[in-house]
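>>> Sequence and computational prediction follow.
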Amino acid sequence: MVSNRHGNTVEVDIHGMTTEQARRELEQFLSRISGNVTELVVIHGYNGGQALLKMVRTQLKHPRIGSKLLTLNSGQTRLILKPKQ
């Protein structure tokens, strides 16, 4: 999983992972990410299939996720994060 940080936003790219690998990696990443990160942009792709898209948008659960926002780019999902407890 590749990640880039831009201020309070972090982008992660999960292309090439299985849904289980991606779910596990994202959950671990969300558990250890800095408390001042307020948004996680997950780049899951769209054209190569929709399994990762569906996992991120419907199955991914974590206490830091406040909401999930769809963007004009079908290959990514924005996760708005709650403050770290």
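Happy to help now that I have it.

>>> can you pull out the strands in this structure?
Assigned by DSSP state E, the strands in the chain fall at 2-6, 9-13, 39-43, 65-70, 76-81.

>>> Now these in a markdown table, please, with extra columns for mean pLDDT, mean neighbour count and distance to Leu52.
Glycine gets a C-beta too; all of them are placed from N, C-alpha and C. A markdown table is the format used below for these (pLDDT from 0 to 100; neighbours: other CB atoms under 10 Å; distance: least, CB to CB, whole Å):
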| stretch | mean pLDDT | mean neighbour count | distance to Leu52 |
| --- | --- | --- | --- |
| strand 2-6 | 76 | 11 | 14 |
| strand 9-13 | 95 | 18 | 10 |
| strand 39-43 | 96 | 20 | 8 |
| strand 65-70 | 96 | 12 | 14 |
| strand 76-81 | 96 | 19 | 10 |
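
>>> Using a markdown table, lay out the ones you listed together with distance to Arg32.
Formatted as a markdown table, the strands of the chain follow (distance: least, CB to CB, whole Å):
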| stretch | distance to Arg32 |
| --- | --- |
| strand 2-6 | 11 |
| strand 9-13 | 12 |
| strand 39-43 | 12 |
| strand 65-70 | 15 |
| strand 76-81 | 13 |
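
>>> Show me which helix runs longest in the chain.
Taking DSSP state H as the assignment, the helix of the chain that covers the most residues is helix 19-32.

>>> what's that one in contact with?
Under the criterion CB atoms under 8 Å, 6 or more residues apart in numbering, residues 1, 3, 12, 14, 17, 40, 42, 44, 51-52, 55-56, 59-60, 62, 64-65, 81 lie in contact with helix 19-32.

>>> can you check stretch 56-63 too?
By CB under 8 Å, 6+ apart, stretch 56-63 touches 14, 19, 22-23, 26-27, 30-31, 42, 44, 68, 70, 77, 82, 85.

>>> May I ask you to confirm that Arg64 is in contact with Leu81?
Yes - shown here, Arg64 and Leu81 form a contact pair, counting by CB atoms under 8 Å, at 4.8 Å.
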